[in-house]
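Give me the fold of what follows.
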Amino acid sequence: MLRGGLSLGRQALGRRAGLFQSPKRTFAALTDLKKLPQPGDKLHGFTVQRAKKVPELQLAAVELKHDTTGANYIHVARDDTNNVFAIGFKTNPNDDTGVPHILEHTTLCGSEKYPVRDPFFKMLNRSLSNYMNAFTSGDHTTYPFATTNRVDFNNLMDVYLDATLKPLLQESDFKQEGWRIGPENPTDPLSPLLFKGVVYNEMKGQMSDSSYLYYIRFQDHIFPDLHNSGGDPQKITDLTLEQLRKFHKDHYNPSNAKIFTYGDAPIEEHLTRLNERLAGFGQSPMDTDLRLPITLDESKMITVEGPIDPLTDKDAQHKTSVSWIMNDISDVDETFALRIMSNYLLDGYGSPLYQGLIDEKLGSDFTPNTGFDTSAKKSIFSVGLQNVRKEDVRTVQEKISIILEDVCKRGFNEKKIDGILHQLELGLKHKTATFGMSLMQGLTPAWFNGVDPFDSLSWESTVNKFKERYAEGGYLEGLLKKYLLGTHTLTFTMVPEKGYSHSLATEEKERLHREIEKAGGEAARESLVKQELELLEIQEAARDMDLSCLPTVKVSDIPREMEAKPLQHGKIGDVPVQWREAPTNGLTYFRAVNPLEDLPEDLRMYLPLFTDAILRLGTAKKSMEQLEDEIKLKTGGIKAGTHISTNHSNLEITEEGLVFSGYCLDKNVPDMLELLRTVLLETNFYAISKLRTLVQGIASGFVNSLAESGHSFARTFAAAHLTPGARSAEVMGGMTQVRLISNLASKEIYNDTLDILRQIGKFAARQNGLRIAITCGTESVSDNEKAVKKFIDALPIAETPIRDSPLFDFEAPTKALFPLPYQVSYTGMCVKTVPYTHQDGAALQMLSQLLTHKHLHHEIREKGGAYGGGAFHRGAGGIFGFYSYRDPNVANTLKVMEEAGQWAMQKQWAERDLEEAKLSVFQGVDAPQSVSEEGMVYFLDRITDEMRQVRRQQLLDVSIADIRNVAQKYLVDQVAAGQTAVAVLGEPKDVVDDSWNIFPLSLDPQAQPDMSQFEKVTL
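Residues are numbered from 1 along each chain as shown. Okay, the predicted model is just below:
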């Protein structure tokens, strides 16, 4: 959907043994085709179609077909204990009712073998999986999971297969997950009748986001045959339970399925279990309809209306793009070449389209449809800008053509192409803990659209073919001419309409009235209220439902001893260096922290902007385009971010600063460190024009961030007054940062900002206080030590300015509202707890899981209609909190949060409840780690393996008495004492009164509050 990245922007910077594991097999044994099933073999109801070894990915793949149903199955054998399973179905939607999306939800609400309410959510805390999900794509739906535990793998596979192939699809599930009409307050029969439903409210939130809406409306016009699989709220209420069940019957059968497994588990184990599940089905019709975009016999121009973005310039609210219909993606080689071409044209600050459009101030960022989209049978290439002034819309469209013609005339720069290919090479070498899941997600869309998955796996062959054709000359230029020059296009523009949000509300009100009339008018109120109460009874009964039919692993399966990763510590000069020697496939990973103590507030707030600026502004001698080319040629990326770490034993002590990182081939370490030194010490902080472009882009990005992660911003702000660390997180990454950047973007006065960035640049990289971590193979330690010494010697010794005025005061912002034009809201509530080493921390972590799975999910999601809600405990930060996501009922949610402690005290907890909470916690504690992350807990937070081992044992030993103790001490008592803080992002509605502190968000200079408002956040 969106363009891929070689991005250089801002980023915040143990395996366990499975049960009954077979003896360790080597990579060669696992992927030896002679030891895998052979083509023509018949095994457990399957026939092997073919097999292929892919040395560059260190894997072998086997394709099979189920004899009875024709189900397609691919197994990827690889020396990786993090085994993956996925089953997917072709689910072309024929309307915008969101039937594939609602079906995805309701299939997970109970099945024939597991007739309990929401077995999917129940399995979240009966498993040691590190990934469980289900997602609806444009034309297919996929249900994947990953786990390192073999018993867990088999349990989850059985639950997933039964859920998808034999769901109950009950009316109550449809009404809960899809849509219904019910009273706003079920206990008040006279309260207003509303549309309710988890998916309905989720999509109301999505359609309130102008970027998402732009993309969906674009898809409506370029792909009218492929309807909105997520669902349009205006159409969701047309869907009936009978239509849902028919869609399942037509699409969710093995004949229409594609099954994927990955990892070191023997394929024979999978085949036996799969056949047991599939054997009861016969051959059914397959959905073979590979839907195509429109045919552009002539160029077309479409204009639609959309909402206004509150965080962007009110005079620059247009979004416009130009799109081309491209190739058939089954031609894997040409698709790869077109992806390279797209990357060249779009990726990075030095790309032609970024420089020619965004650097020229025609817009703040690319539109969400920009890039090379290969998610359907025919690919689509789009280029567009958002935050465009009305008078510039036509200019943008014309400029895109001019830029493409100029690229063709000048030819593709060989150095840039080499940089792109180098990134691909590093991508193969950089082994992540989630490789199997990434592989599945990469294969699935193409597999469902007629691409041979074995062709997709033939990475080296595809790259070599590209290199050969590119070496002949004119290859990319020819593709550019073939598809982008002189061809028909679709130009799609969204214009701002001030009354858009109001019109949505009016439409919903009128539609609600029509539906109520169809049900019998006001006379139907009694039956609708009764229906709501009956649903509540079903939801309440599910709390104490017998779950013995569901499989589970046990806490006794979790080792009491953690798997430690040995670290070495030394010094290069006066700089402490942590070494982690491990197999890295020829790569070196570098990270450095520069702590900055007691910085003045006006400098601290600008640290995030500084980390963006050094990778955007360039130097006096080199443009960012030149630096970016070198970074791509020599590294896998260089990153900079802010560093915040609360002391493990004292919440009042926080380390703040900057963190820098990068990775590269061992031979390129000196070049990588020289590039890092260059951007740290030589950035040109006089480039006003480039800073303006950067700030406008960040402000535009915040619009998407708030719509996608509003709950994170809410809980970050709510926690801000509780500890110094939480306060720093808010100032440098929360709503404070959003308001700072939007203020800069509106006023466009950057001289003072550049002066602040220059001040930070004097001490951002310095020898004194610096600490470094290196992860590499043993063979590279000596050379890396020399390169790091040279890097350190080039850094200055510098002191930081000392604060001479108090910090902004976050005293008791007990109720904060950030009004946003969303139809649903995001909520956060927080209290202060204890540092990492405190004995209560483990019980608090368990309490957060118990409340999430046993209480908040029922109250906020199932009964309240929010898309999500739960509790969390930041073990290393001393914050316990609650959140809701895309929530239509904030008043109810806040009441549930306030009373959660009392509920936990009154609940008669069973040992099984605690067992499940421990399993849920250890999904994260023992999640597989990439080699680049090993040792980082100590390096960044100074939490030792000894501390982690103590915490591990405390987690395993938490008792019910411990749960009650922390619920009373940290929730009940603090709520009673008024020591909580709440933040809400969204519409004010009737929950907000005079006791709330309101923070307007706007890029209108006349409406934008002065930044001095941050200096005192009180009521």
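
Where does the prediction get shaky in this protein?
1-29, 803-813, 1002-1019 (pLDDT under 70).

any idea how far the residue in it sticking out farthest from the centre is from Leu33?
No residue in the chain sits farther from the centre than Ala523, which is 45.4 Å out by C-alpha atoms, centre = their mean. For Ala523, the distance to Leu33 (C-beta to C-beta, to the nearest Å) stands at 71 Å. In this view, the C-beta of every residue, glycine as well, is placed from N, C-alpha and C.

which residue packs closest to Ser438, ignoring adjacent ones?
Excluding the flanking residues, the one nearest Ser438 by C-beta to C-beta, 6 or more residues apart in numbering is Thr432, at 6.9 Å.

I meant Val991, not that one.
Ala891 is the one closest to Val991 (C-beta to C-beta, 6+ apart), at 4.3 Å.

Please parse this structure into its domains.
Here the domain parsing of the chain from the TED database is 33-290, 309-496, 568-794, 815-1013.

quick one, which of the ones you listed is nearest to Asp546?
domain 33-290 (7.7 Å; C-beta to C-beta).

List the buried residues in stretch 356-371.
356-360, 362-371 (16 or more other C-beta atoms under 10 Å).

Let me fix that, I meant to ask about stretch 522-533.
For stretch 522-533, the neighbour count (16+ other C-beta under 10 Å) marks 524-525, 528-529, 531-532 as buried.

wait, what's in contact with Ala787?
For Ala787, the contact set (C-beta atoms under 8 Å, 6 or more residues apart in numbering) comprises 669-670, 673.

so which of the domains of the chain gets nearest Glu510?
Nearest to Glu510, of the domains of the chain and by C-beta to C-beta, is domain 33-290 at 10.4 Å.

so after the helix ranked longest in the chain, what's the next helix or strand?
For the chain, the longest helix by residue count, based on DSSP state H, is helix 688-719. Counting by DSSP states H and E, the element after helix 688-719 in chain order, helix or strand, is helix 724-733.

starting at the chain centroid, how far to that next one?
Here the centre of helix 724-733 is set off from its chain's centre by 21 Å, with C-alpha atoms, centre = their mean, to the nearest Å.

Show me where the stretch 151-300 of the chain has its helices.
Along the stretch 151-300 of the chain, the stretches classed as helices by DSSP state H, counting those that start in this stretch are 171-177, 198-208, 210-222, 233-236, 241-251, 267-278.

If you count neighbours, what's buried in the fourth one?
If I follow you right, that is helix 233-236. Neighbour-count burial for helix 233-236 flags 233, 235-236 (criterion: 16+ other C-beta under 10 Å).

just the first one next, same as before
By neighbour count, and taking 16+ other C-beta under 10 Å as the criterion, the buried residues in helix 171-177 are 172-177.

Then stretch 898-912?
Under 16+ other C-beta under 10 Å, the buried positions of stretch 898-912 are 898-901, 903-904, 907, 909.

same check, this time on stretch 280-288
281, 284, 287.

Export the residues you listed as TSV, with columns for distance to Ala745.
Formatted as TSV, the buried residues of stretch 280-288 follow (distance: C-beta to C-beta, whole Å):
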residue	distance to Ala745
Phe281	57
Ser284	55
Asp287	47
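
Which of the residues you listed sits closest to Asp313?
Asp287 (45.2 Å).

ok, that closest one to Pro254 distance?
The gap separating Asp287 from Pro254 is 13 Å, by C-beta to C-beta.

between those two, what contacts are shared?
In contact with both Asp287 and Pro254: no residue, using C-beta under 8 Å, 6+ apart.

If we go by neighbour counts, what in stretch 877-884 is buried?
Buried residues in stretch 877-884 (16+ other C-beta under 10 Å): 877-884.

now do stretch 33-49
Buried residues in stretch 33-49 (16+ other C-beta under 10 Å): 36-37, 44-46, 48.

Now the two most distant members of these.
Longest span within the buried residues of stretch 33-49, C-beta to C-beta: Leu36 and Gly45, 17.6 Å.

Please name the nearest non-neighbouring residue to Ala542.
Ala542 sits nearest to Arg117 (C-beta to C-beta, 6+ apart), 3.8 Å away.

Check Gln568 too.
Nearest non-adjacent residue to Gln568, counting by C-beta to C-beta, 6+ apart: Trp579, 4.2 Å away.

Check which helices and strands the helix or strand harbouring that neighbour sits against.
Trp579 is located in strand 575-581, with elements delineated by DSSP H and E. Packing contacts for strand 575-581, counted by 3 or more C-beta pairs under 8 Å, 6 or more residues apart in numbering; DSSP states H and E, involve strand 568-572, strand 771-776, helix 781-793.

please redo it, this time with the cut-off set to 10 Å
Here strand 575-581 touches strand 568-572, strand 587-595, strand 771-776, helix 781-793, helix 936-941, going by 3 or more C-beta pairs under 10 Å, 6 or more residues apart in numbering; DSSP states H and E.

quick one: buried residues of the first one?
When neighbours are counted by 16+ other C-beta under 10 Å, the buried residues of strand 568-572 are found to be Ile572.

Indicate each strand paired with it and its parallel or antiparallel sense.
strand 575-581 (antiparallel) (DSSP bridges).

From the chain's centroid, how far away is the strand it pairs with?
On C-alpha atoms, centre = their mean, the centre of strand 575-581 falls 31 Å from that of its chain.

Which of the residues in it are classified as buried?
For strand 575-581, by 16+ other C-beta under 10 Å, it's 575-581.

And stretch 237-248, by the same measure?
Buried residues in stretch 237-248 (16+ other C-beta under 10 Å): 237-239, 241, 243-244, 247-248.

what's the answer for stretch 60-78, then?
60-64, 66, 68-78.

Just the terminal-to-terminal distance for it.
Distance between the two ends of stretch 60-78: 7 Å, counting by C-alpha to C-alpha, to the nearest Å.

Ala564: what secondary structure?
coil (DSSP: H, G, I helix; E, B strand; the rest coil).

scratch that, Gly363
Three-state call for Gly363 (three-state DSSP): coil.

neighbours around Gly306, how many?
19 (other C-beta atoms under 10 Å).

For it, give me phi and psi.
phi -150, psi 180 (degrees, to the nearest 10).

Does it touch Thr320 like I think?
No: contact criterion C-beta atoms under 10 Å: Gly306 and Thr320 do not qualify, at 11.5 Å.

Spit out the residues that contact those two alike.
Residues touching both Gly306 and Thr320 by C-beta atoms under 10 Å, 6 or more residues apart in numbering: 214, 493-495.

Out of those residues, which is nearest to Leu681?
Among those, Tyr214 lies closest to Leu681 (C-beta to C-beta), at 40.5 Å.

Ala917: what's it in contact with?
125, 555, 845-854, 909, 955, 958, 963.

To which secondary structure element is it assigned?
Going by DSSP H and E, Ala917 is part of helix 911-925.

next one: that helix to chain centre, how far?
That offset, for helix 911-925, works out to 24 Å (C-alpha atoms, centre = their mean).

Inside helices: which ones of the buried residues of stretch 33-49?
Filtering the buried residues of stretch 33-49 for helices - DSSP H - leaves nothing at all.

May I see those organised as JSON lines, with distance to Cys109 added?
Shown next, in JSON lines, are the buried residues of stretch 33-49 (distance: C-beta to C-beta, whole Å):
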{"residue": "Leu36", "distance to Cys109": "38"}
{"residue": "Pro37", "distance to Cys109": "36"}
{"residue": "His44", "distance to Cys109": "30"}
{"residue": "Gly45", "distance to Cys109": "29"}
{"residue": "Phe46", "distance to Cys109": "30"}
{"residue": "Val48", "distance to Cys109": "36"}
